[in-house]
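Novice: Any chance you could fold what I've pasted below:
(one chain, ligands or ions: 1)
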Amino acid sequence: MANKGLIFCVCQGTCPSFQQMNIFEVVNTLRIEKLVDFVGIHPQLCAEDGDSFFEILLSGINDKIDKLVIAGCDPNMQRKMFRDAFENAGFDKSKHVGVDIRNMTTEQAMEAIKKVLI
Ligand code: SF4
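Specialist: Down below sits the predicted model:
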């Protein structure tokens, strides 16, 4: 079975880019529709405790996750910011799919994430 996870990063909840959407509605809809096996919300994945979060969450379970979608800022920035944490956790970075959801509405964010999950 393909295990897919979704983690939302929300820039501390204060960034204007995330104010047009209801993140809880997005994650709840995607889990009810069974498009993801687990969901999470983190306030600031690019902070040091974001590295710890990934290292704790992903260590030793590389073979249990097929796709890890991170919805937040630019995917290229994500790749650079999370590279060391993935490496330290032994997580295959090619399973990471970044989705830029900044300045989107709830519906737009949902569609953008669905595109990479289906
Ligand atoms: S990882 Fe991206 S979305 Fe998350 S806090 Fe940092 S800049 Fe913001």
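Novice: Could you list everything the residue nearest the centre of the chain pairs with in the sheet?
Specialist: When CA atoms, centre = their mean is applied to the chain, the residue found nearest the centroid is residue 70 (1.9 Å). For residue 70, the beta-bridge partners are residue 7, residue 98 (DSSP bridges).
Novice: residues touching it, list them.
Specialist: Shown in contact with residue 70 (CB atoms under 8 Å, 6 or more residues apart in numbering): 6, 7, 8, 9, 45, 78, 82, 96, 97, 98, 99. Glycine gets a C-beta too; all of them are placed from N, C-alpha and C.
Novice: Surely the third one and residue 73 touch.
Specialist: Same thing as residue 8. No. If you go by CB atoms under 8 Å, residue 8 and residue 73 don't touch, sitting 11.3 Å apart.
Novice: from the chain's centre, how far out does the longest helix anywhere in the chain sit?
Specialist: If you go by DSSP state H, the chain has its longest helix at helix 75-89. Here helix 75-89 is found 12 Å from its chain centre; the criterion is CA atoms, centre = their mean, to the nearest Å.
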